[in-house]
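Q: this one's sequence-less:
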(Lines give C-alpha, C1' and ligand atoms only; values in the text may rest on other atoms or scores of the structure.)
Protein backbone atom coordinates (compact mmCIF):
# COMPACT_ATOMS: atom_id res chain seq x y z
CA UNK A 1 0.00 0.00 0.00
CA UNK A 2 1.21 3.51 -0.77
CA UNK A 3 0.34 6.86 0.73
CA UNK A 4 0.06 10.29 -0.87
CA UNK A 5 0.85 13.60 0.85
CA UNK A 6 -1.84 15.39 -1.15
CA UNK A 7 -5.14 15.81 0.73
CA UNK A 8 -8.30 14.55 -0.92
CA UNK A 9 -10.84 17.14 -2.07
CA UNK A 10 -12.62 18.64 0.91
CA UNK A 11 -10.38 16.85 3.41
CA UNK A 12 -9.30 18.96 6.39
CA UNK A 13 -6.05 17.55 7.71
CA UNK A 14 -3.11 18.65 9.78
CA UNK A 15 -0.32 20.17 7.75
CA UNK A 16 -2.49 21.49 4.92
CA UNK A 17 -0.18 24.49 4.46
CA UNK A 18 2.91 22.30 4.39
CA UNK A 19 1.19 19.98 1.91
CA UNK A 20 0.22 22.71 -0.54
CA UNK A 21 3.56 24.46 -0.22
CA UNK A 22 5.68 21.38 -0.85
CA UNK A 23 3.49 20.47 -3.83
CA UNK A 24 4.05 23.92 -5.36
CA UNK A 25 7.83 23.62 -5.54
CA UNK A 26 8.19 22.80 -9.25
CA UNK A 27 6.34 26.03 -10.05
CA UNK A 28 8.28 28.20 -7.59
CA UNK A 29 11.57 26.80 -8.89
CA UNK A 30 10.53 27.61 -12.44
CA UNK A 31 9.61 31.14 -11.40
CA UNK A 32 12.98 31.58 -9.69
CA UNK A 33 14.72 30.82 -12.99
CA UNK A 34 13.12 33.93 -14.52
CA UNK A 35 14.83 36.28 -12.02
CA UNK A 36 17.73 37.19 -14.27
CA UNK A 37 18.07 40.76 -12.96
CA UNK A 38 18.35 39.43 -9.42
CA UNK A 39 21.06 36.98 -10.46
CA UNK A 40 23.25 39.94 -11.36
CA UNK A 41 23.20 41.00 -7.68
CA UNK A 42 25.07 37.88 -6.60
CA UNK A 43 28.87 37.87 -6.19
CA UNK A 44 30.95 37.82 -9.34
CA UNK A 45 33.37 34.93 -9.93
CA UNK A 46 36.57 35.29 -7.95
CA UNK A 47 35.06 37.04 -4.94
CA UNK A 48 35.44 35.45 -1.52
CA UNK A 49 32.00 34.80 -0.04
CA UNK A 50 30.46 33.82 3.30
CA UNK A 51 26.90 32.47 3.22
CA UNK A 52 24.98 32.58 6.49
CA UNK A 53 21.61 31.43 7.76
CA UNK A 54 19.86 29.63 10.61
CA UNK A 55 18.36 26.15 10.57
CA UNK A 56 17.11 25.27 7.11
CA UNK A 57 18.73 28.36 5.58
CA UNK A 58 22.10 27.28 6.99
CA UNK A 59 21.76 23.89 5.31
CA UNK A 60 20.93 25.53 1.96
CA UNK A 61 24.00 27.72 2.48
CA UNK A 62 26.10 24.56 2.92
CA UNK A 63 24.90 23.20 -0.42
CA UNK A 64 25.44 26.47 -2.29
CA UNK A 65 28.93 26.93 -0.84
CA UNK A 66 30.05 23.57 -2.20
CA UNK A 67 28.46 24.21 -5.59
CA UNK A 68 29.99 27.69 -5.96
CA UNK A 69 33.48 26.50 -5.11
CA UNK A 70 33.12 23.42 -7.30
CA UNK A 71 32.12 25.61 -10.25
CA UNK A 72 35.37 27.56 -9.89
CA UNK A 73 33.78 30.83 -8.78
CA UNK A 74 35.84 31.31 -5.65
CA UNK A 75 36.20 30.52 -1.97
CA UNK A 76 32.75 30.14 -0.42
CA UNK A 77 32.09 29.25 3.22
CA UNK A 78 28.79 28.50 4.95
CA UNK A 79 28.10 29.38 8.57
CA UNK A 80 25.29 29.26 11.07
CA UNK A 81 24.61 32.95 11.69
CA UNK A 82 25.31 32.58 15.41
CA UNK A 83 28.73 31.01 14.75
CA UNK A 84 29.87 32.89 11.67
CA UNK A 85 33.54 33.88 11.40
CA UNK A 86 33.03 36.66 8.90
CA UNK A 87 36.13 38.67 9.86
CA UNK A 88 38.25 36.74 7.34
CA UNK A 89 38.43 39.26 4.51
CA UNK A 90 35.27 38.16 2.76
CA UNK A 91 34.26 40.33 -0.18
CA UNK A 92 30.58 39.53 0.27
CA UNK A 93 28.18 38.05 2.79
CA UNK A 94 25.03 36.36 1.51
CA UNK A 95 22.40 36.27 4.26
CA UNK A 96 19.58 33.80 3.68
CA UNK A 97 16.37 34.11 5.73
CA UNK A 98 12.75 33.23 5.06
CA UNK A 99 11.18 35.55 7.62
CA UNK A 100 13.68 38.40 7.70
CA UNK A 101 13.17 38.63 11.47
CA UNK A 102 15.59 36.01 12.85
CA UNK A 103 17.65 37.64 15.61
CA UNK A 104 21.02 36.11 14.80
CA UNK A 105 20.79 37.01 11.11
CA UNK A 106 19.79 40.62 11.81
CA UNK A 107 22.56 40.99 14.38
CA UNK A 108 25.18 39.71 11.96
CA UNK A 109 23.93 41.96 9.17
CA UNK A 110 23.95 45.00 11.48
CA UNK A 111 27.44 44.21 12.78
CA UNK A 112 28.84 44.12 9.26
CA UNK A 113 27.01 47.11 7.82
CA UNK A 114 29.51 49.39 6.12
CA UNK A 115 32.29 46.81 6.51
CA UNK A 116 31.36 43.97 4.18
CA UNK A 117 28.99 44.01 1.23
CA UNK A 118 25.83 42.14 2.28
CA UNK A 119 23.40 40.50 -0.15
CA UNK A 120 20.11 39.39 1.36
CA UNK A 121 17.78 36.65 0.12
CA UNK A 122 14.40 36.78 1.86
CA UNK A 123 10.88 35.44 1.61
CA UNK A 124 9.02 38.18 3.49
CA UNK A 125 9.79 41.38 1.62
CA UNK A 126 8.06 43.52 4.27
CA UNK A 127 10.43 42.44 7.05
CA UNK A 128 13.03 44.59 8.87
CA UNK A 129 15.75 42.72 6.98
CA UNK A 130 14.91 44.45 3.71
CA UNK A 131 16.37 47.84 4.67
CA UNK A 132 19.48 46.45 6.36
CA UNK A 133 21.27 44.86 3.40
CA UNK A 134 23.16 46.38 0.48
CA UNK A 135 21.41 44.28 -2.15
CA UNK A 136 18.09 42.49 -1.81
CA UNK A 137 16.78 39.41 -3.60
CA UNK A 138 13.16 38.87 -2.59
CA UNK A 139 11.28 35.63 -3.19
CA UNK A 140 7.81 36.48 -1.79
CA UNK A 141 6.16 33.98 -4.13
CA UNK A 142 8.02 31.23 -2.23
CA UNK A 143 7.17 32.46 1.27
CA UNK A 144 5.15 30.11 3.45
CA UNK A 145 2.44 29.90 6.10
CA UNK A 146 3.67 26.63 7.60
CA UNK A 147 6.25 26.88 10.36
CA UNK A 148 8.04 23.92 8.77
CA UNK A 149 9.92 25.20 5.71
CA UNK A 150 9.78 23.51 2.34
CA UNK A 151 9.50 25.67 -0.77
CA UNK A 152 11.33 28.83 0.31
CA UNK A 153 14.52 26.93 1.03
CA UNK A 154 14.49 24.84 -2.13
CA UNK A 155 13.47 27.77 -4.31
CA UNK A 156 16.35 29.85 -2.96
CA UNK A 157 18.77 27.03 -3.70
CA UNK A 158 17.31 26.51 -7.18
CA UNK A 159 17.83 30.23 -7.82
CA UNK A 160 21.41 30.03 -6.57
CA UNK A 161 22.15 26.94 -8.65
CA UNK A 162 20.85 28.67 -11.77
CA UNK A 163 23.12 31.63 -11.02
CA UNK A 164 26.09 29.27 -11.29
CA UNK A 165 25.08 28.32 -14.82
CA UNK A 166 23.28 25.06 -14.02
CA UNK A 167 20.40 23.95 -16.24
CA UNK A 168 17.59 23.46 -13.71
CA UNK A 169 14.98 22.20 -16.17
CA UNK A 170 15.82 18.52 -15.49
CA UNK A 171 15.62 19.18 -11.75
CA UNK A 172 12.20 20.82 -12.17
CA UNK A 173 11.02 17.81 -14.19
CA UNK A 174 12.25 15.55 -11.37
CA UNK A 175 10.44 17.74 -8.85
CA UNK A 176 7.19 17.30 -10.76
CA UNK A 177 7.70 13.55 -10.42
CA UNK A 178 8.57 13.81 -6.73
CA UNK A 179 5.44 15.73 -5.73
CA UNK A 180 3.15 13.01 -7.11
CA UNK A 181 5.29 10.01 -6.14
CA UNK A 182 3.59 7.95 -3.45
CA UNK A 183 5.50 6.56 -0.47
CA UNK A 184 4.75 3.09 0.81
CA UNK A 185 3.33 2.50 4.27
CA UNK A 186 6.36 0.49 5.44
CA UNK A 187 8.58 3.50 4.77
CA UNK A 188 6.23 5.81 6.65
CA UNK A 189 6.10 3.38 9.59
CA UNK A 190 9.89 2.96 9.90
CA UNK A 191 11.30 3.73 13.34
CA UNK A 192 14.54 5.58 12.54
CA UNK A 193 15.98 7.50 9.58
CA UNK A 194 19.55 8.35 8.63
CA UNK A 195 20.09 10.70 5.69
CA UNK A 196 23.36 10.73 3.75
CA UNK A 197 24.86 13.07 1.19
CA UNK A 198 28.06 13.74 -0.72
CA UNK A 199 29.45 17.13 -1.68
CA UNK A 200 26.63 19.61 -2.07
CA UNK A 201 23.97 17.09 -1.08
CA UNK A 202 25.32 16.85 2.50
CA UNK A 203 23.39 20.05 3.19
CA UNK A 204 20.27 18.41 1.77
CA UNK A 205 20.75 15.38 4.02
CA UNK A 206 21.03 17.70 7.02
CA UNK A 207 17.85 19.46 5.95
CA UNK A 208 15.94 16.19 5.43
CA UNK A 209 16.80 15.14 8.98
CA UNK A 210 15.69 18.51 10.34
CA UNK A 211 12.35 18.24 8.50
CA UNK A 212 11.68 14.87 10.06
CA UNK A 213 12.54 16.09 13.55
CA UNK A 214 10.49 19.29 13.23
CA UNK A 215 7.39 17.88 11.59
CA UNK A 216 7.09 14.42 13.10
CA UNK A 217 9.39 14.31 16.16
CA UNK A 218 11.17 11.38 14.53
CA UNK A 219 14.59 9.97 15.42
CA UNK A 220 16.70 11.14 12.53
CA UNK A 221 20.40 11.68 11.87
CA UNK A 222 22.45 12.93 8.93
CA UNK A 223 26.06 12.46 7.80
CA UNK A 224 28.40 12.75 4.86
CA UNK A 225 27.99 9.37 3.20
CA UNK A 226 31.63 8.33 3.54
CA UNK A 227 31.45 8.98 7.29
CA UNK A 228 28.49 6.67 7.76
CA UNK A 229 30.57 3.53 8.11
CA UNK A 230 32.78 5.22 10.71
CA UNK A 231 30.30 4.53 13.49
CA UNK A 232 26.78 5.68 12.57
CA UNK A 233 25.98 2.46 10.69
CA UNK A 234 25.88 0.81 14.11
CA UNK A 235 22.29 2.01 14.56
CA UNK A 236 21.08 0.48 11.29
CA UNK A 237 18.66 -2.39 11.90
CA UNK A 238 15.43 -3.91 10.60
CA UNK A 239 12.63 -1.35 10.56
CA UNK A 240 15.09 1.52 10.09
CA UNK A 241 16.03 3.47 6.97
CA UNK A 242 19.24 4.80 5.43
CA UNK A 243 18.41 7.36 2.72
CA UNK A 244 20.97 8.58 0.20
CA UNK A 245 20.88 11.92 -1.64
CA UNK A 246 22.80 11.62 -4.89
CA UNK A 247 25.11 8.83 -5.99
CA UNK A 248 25.94 6.41 -3.20
CA UNK A 249 29.53 5.39 -2.43
CA UNK A 250 30.47 1.96 -3.72
CA UNK A 251 29.39 -0.81 -1.38
CA UNK A 252 27.31 1.22 1.02
CA UNK A 253 23.97 -0.18 -0.16
CA UNK A 254 25.30 -3.71 0.40
CA UNK A 255 26.58 -2.78 3.86
CA UNK A 256 23.20 -1.31 4.84
CA UNK A 257 21.36 -4.37 3.51
CA UNK A 258 23.53 -6.59 5.69
CA UNK A 259 22.17 -4.83 8.79
CA UNK A 260 18.56 -5.50 7.80
CA UNK A 261 17.86 -1.78 7.39
CA UNK A 262 16.22 -0.41 4.26
CA UNK A 263 18.33 1.56 1.79
CA UNK A 264 16.54 4.33 -0.13
CA UNK A 265 17.95 6.18 -3.14
CA UNK A 266 16.80 7.39 -6.53
CA UNK A 267 18.03 8.84 -9.80
CA UNK A 268 16.21 12.13 -9.13
CA UNK A 269 18.11 15.38 -8.81
CA UNK A 270 19.01 15.51 -5.08
CA UNK A 271 17.01 18.71 -4.59
CA UNK A 272 13.94 16.96 -6.02
CA UNK A 273 14.68 13.95 -3.82
CA UNK A 274 14.43 16.30 -0.84
CA UNK A 275 10.75 16.79 -1.72
CA UNK A 276 10.18 13.07 -1.15
CA UNK A 277 11.73 13.38 2.31
CA UNK A 278 9.53 16.39 3.03
CA UNK A 279 6.49 14.32 2.08
CA UNK A 280 7.63 11.55 4.39
CA UNK A 281 7.90 14.02 7.27
CA UNK A 282 4.37 15.25 6.55
CA UNK A 283 2.92 11.74 6.36
CA UNK A 284 4.60 10.68 9.60
CA UNK A 285 3.30 13.79 11.32
CA UNK A 286 -0.25 13.02 10.20
CA UNK A 287 0.07 9.38 11.24
CA UNK A 288 0.90 10.56 14.77
CA UNK A 289 -1.78 13.24 14.91
CA UNK A 290 0.77 16.06 14.77
CA UNK A 291 0.42 19.33 12.89
CA UNK A 292 3.63 20.31 11.05
CA UNK A 293 2.16 23.74 10.36
CA UNK A 294 2.42 24.33 14.12
CA UNK A 295 5.12 21.94 15.41
CA UNK A 296 5.92 21.53 19.08
CA UNK A 297 8.20 24.19 20.62
CA UNK A 298 8.74 25.99 17.29
CA UNK A 299 7.71 29.29 15.74
CA UNK A 300 8.10 30.63 12.20
CA UNK A 301 11.05 32.78 13.28
CA UNK A 302 13.38 32.73 16.27
CA UNK A 303 13.31 36.20 17.83
CA UNK A 304 15.44 36.40 20.97
CA UNK A 305 15.10 38.81 23.86
CA UNK A 306 17.82 41.43 23.83
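A: On my side now, so go ahead. Fair warning: this is a prediction, and the values are worked out from it, not measured in the lab. Numbering: from 1, shown residues only.

Q: can you give me the neighbour number for residue 186?
A: 12 (other Cβ atoms under 10 Å). From N, CA and C alone the C-beta is placed, and that goes for glycine too.

Q: am I right that it is in a strand?
A: No - counting by DSSP: H, G, I helix; E, B strand; the rest coil, residue 186 falls outside a strand, being helix.

Q: list the contacts of it.
A: residue 262 (Cβ atoms under 8 Å, 6 or more residues apart in numbering).

Q: for it, give me the pLDDT.
A: pLDDT for residue 186: 96.

Q: if I look at it, how far off is residue 237?
A: Residue 186 sits at a distance of 14 Å from residue 237 (criterion: Cβ to Cβ, to the nearest Å).

Q: residue 38 too?
A: Using Cβ to Cβ, residue 38 is found at 47 Å from residue 237.

Q: more neighbours: the two, which one.
A: Between residue 38 and residue 237, counted using other Cβ under 10 Å, residue 38 has the larger neighbour count: 18 against 11.

Q: which other helices and strands contact the helix or strand hosting the more buried one?
A: Per DSSP states H and E: residue 38 is located in helix 36-39. On a contact count with 3 or more Cβ pairs under 8 Å, 6 or more residues apart in numbering; DSSP states H and E, helix 36-39 meets helix 151-163.

Q: so residue 118, which state does it fall into?
A: strand.

Q: in the lengthiest helix in the chain, what's buried?
A: Criterion DSSP state H: the longest helix present in the chain is helix 270-287. By neighbour count on 16 or more other Cβ atoms under 10 Å, the buried set for helix 270-287 is 270-286.

Q: where does this structure have low pLDDT?
A: Within the chain, the stretches with pLDDT under 70 are 1-13, 295-306.

Q: where do the strands of the protein begin and end?
A: 2-3, 49-53, 76-80, 92-97, 117-122, 135-138, 183-184, 192-197, 220-224, 240-245, 262-264 (DSSP state E).

Q: any idea of the angle the third one forms with strand 49-53?
A: Here strand 76-80 runs at an angle of 20 degrees relative to strand 49-53 (axes from the mean of the first three to the mean of the last three Cα atoms, to 10 degrees).

Q: and the fifth one, by the same measure?
A: Calculated by the same axes, to 10 degrees, strand 117-122 forms an angle of 40 degrees with strand 49-53.

Q: can you give me how far strand 117-122 is from the chain middle?
A: Distance, stretch centre to chain centre, for strand 117-122: 18 Å (Cα atoms, centre = their mean, to the nearest Å).

Q: ok, and what's touching it?
A: Here strand 117-122 makes contact (Cβ under 8 Å, 6+ apart) with 41-43, 91-100, 109, 112, 129-130, 132-139, 156, 159.

Q: got it, and the last one?
A: Here strand 262-264 makes contact (Cβ under 8 Å, 6+ apart) with 186-187, 190, 240-244, 248, 252-253, 256-257.

Q: and the gap between residue 50 and residue 152?
A: Residue 50 sits 21 Å away from residue 152, taking Cβ to Cβ as the criterion.

Q: I should have written residue 271 there, sorry.
A: Applying Cβ to Cβ, the value for residue 271 to residue 152 is 13 Å.

Q: one step back: show me how far the longest helix of the chain is from its chain's centre.
A: Remark: helix 270-287 is offset 12 Å from the chain centroid, using Cα atoms, centre = their mean.

Q: so which elements touch that helix?
A: Helices and strands touching helix 270-287, by 3+ Cβ pairs under 8 Å, 6+ apart, are helix 16-23, helix 151-163, helix 169-180, strand 183-184, helix 185-188, strand 192-197, helix 201-216, strand 240-245.

Q: out of the ones you listed, which gets nearest to residue 230?
A: strand 192-197 (12.2 Å; Cβ to Cβ).

Q: quick one: residues in contact with the closest one.
A: For strand 192-197, the external contacting residues (Cβ under 8 Å, 6+ apart) are 203-206, 208-209, 212, 218-225, 228, 232, 235-237, 239-246, 248, 252, 270, 277, 280.

Q: tell me the buried residues within these.
A: Looks like those have 203-206, 208-209, 212, 218, 220-225, 228, 236, 240-246, 248, 252, 270, 277, 280 buried, using 16+ other Cβ under 10 Å.

Q: hang on, the earlier thing: output the strands of the chain as CSV; include the columns distance to residue 86.
A: Formatted as CSV, the strands of the chain follow (distance: least, Cβ to Cβ, whole Å):
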stretch, distance to residue 86
strand 2-3, 44
strand 49-53, 5
strand 76-80, 7
strand 92-97, 6
strand 117-122, 10
strand 135-138, 16
strand 183-184, 40
strand 192-197, 25
strand 220-224, 24
strand 240-245, 28
strand 262-264, 37
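
Q: relative to residue 169, which of those is closest?
A: Shortest distance between residue 169 and the strands of the chain, using Cβ to Cβ, is found for strand 240-245: 19.9 Å.
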